[in-house]
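Visitor: quick one, what's the 3D model for this:
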Amino acid sequence: GQQAMSALVSIWDDGLDPDGLPLPFDYEGTPKRRLEIVSQGVVQGPVYDRCTARRAGVDSTGHALPPNVPNFMRGAGPLAQNLFLGNGGSSLEEMIRSTERGLYITRFWYTRLVHPRDCVVTGMTRDGVFLIENGELAYPVKNLRFTQSYVQALAEVQAAGRETRLFKTEYGGRSIRVPALKIGDFNFTGMTV
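Guide: As a prediction, this is how the structure comes out:
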């Protein structure tokens, strides 16, 4: 119920939407439905499996993990598996043109959760990082390493793209459909080797 992110940010999970990787039920057999997680920057609530729902005194939202998850995910609890981040009204070109000085990052990879409560993630850029100067792509720069709270980064969203792309996780079965974002502040910690 609190404003934690930019009003341009809406996030939901929908296991029935064919624009993602639909799965009509979770691994406990609970039917999926659209579940609002963040609406215009306001946190709506978490996802639950049967165990966490029972402890919270609510119903399962249909987000139980399969029994054969990788070791590093064991004990992680329920997980949204068909996420969507709402699109906005900007084109990628408009976002670049409106940036006096910044970075255009095409992709993050090897991202890992460092601090679950604050949603701090570490990772690297990949497949192209370019300096933006005076609204134009100036030249490529080296790939960068980051450690950043995604909640804080999403609080700094200044624009969201009209078009979205579907990304599948490296461990299969999960997806996220997202637009390009213009973020005002992001914490890069150094270059990659």
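Visitor: out of the helices and strands in the protein, which is least certain?
Guide: Ranked by mean pLDDT, DSSP states H and E, the helix or strand of the chain with the weakest confidence is strand 108-115, at a mean of 89.
Visitor: for that strand, list the C-alpha coordinates in PDB.
Guide: Presented in PDB, the C-alpha positions along strand 108-115 are these (Å, rounded to 0.1, in the frame of the first residue of the first chain):
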ATOM      1  CA  PHE A 108      22.000  -7.100 -18.100                       C
ATOM      2  CA  TRP A 109      23.300 -10.600 -17.400                       C
ATOM      3  CA  TYR A 110      24.600 -12.800 -14.600                       C
ATOM      4  CA  THR A 111      22.300 -11.000 -12.200                       C
ATOM      5  CA  ARG A 112      22.100 -12.400  -8.700                       C
ATOM      6  CA  LEU A 113      20.100 -11.400  -5.600                       C
ATOM      7  CA  VAL A 114      22.400 -10.100  -2.900                       C
ATOM      8  CA  HIS A 115      19.900  -8.800  -0.300                       C
END
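Visitor: so which elements touch it?
Guide: strand 120-125, strand 144-149 (3 or more C-beta pairs under 8 Å, 6 or more residues apart in numbering; DSSP states H and E). No exception for glycine: its C-beta is placed from N, CA and C like everyone else's.
Visitor: list the buried ones in that strand?
Guide: Phe108 (16 or more other C-beta atoms under 10 Å).
Visitor: please renumber so the chain begins at 317
Guide: All set: I'll call the first residue 317, so the last point we hit is now strand 424-431.
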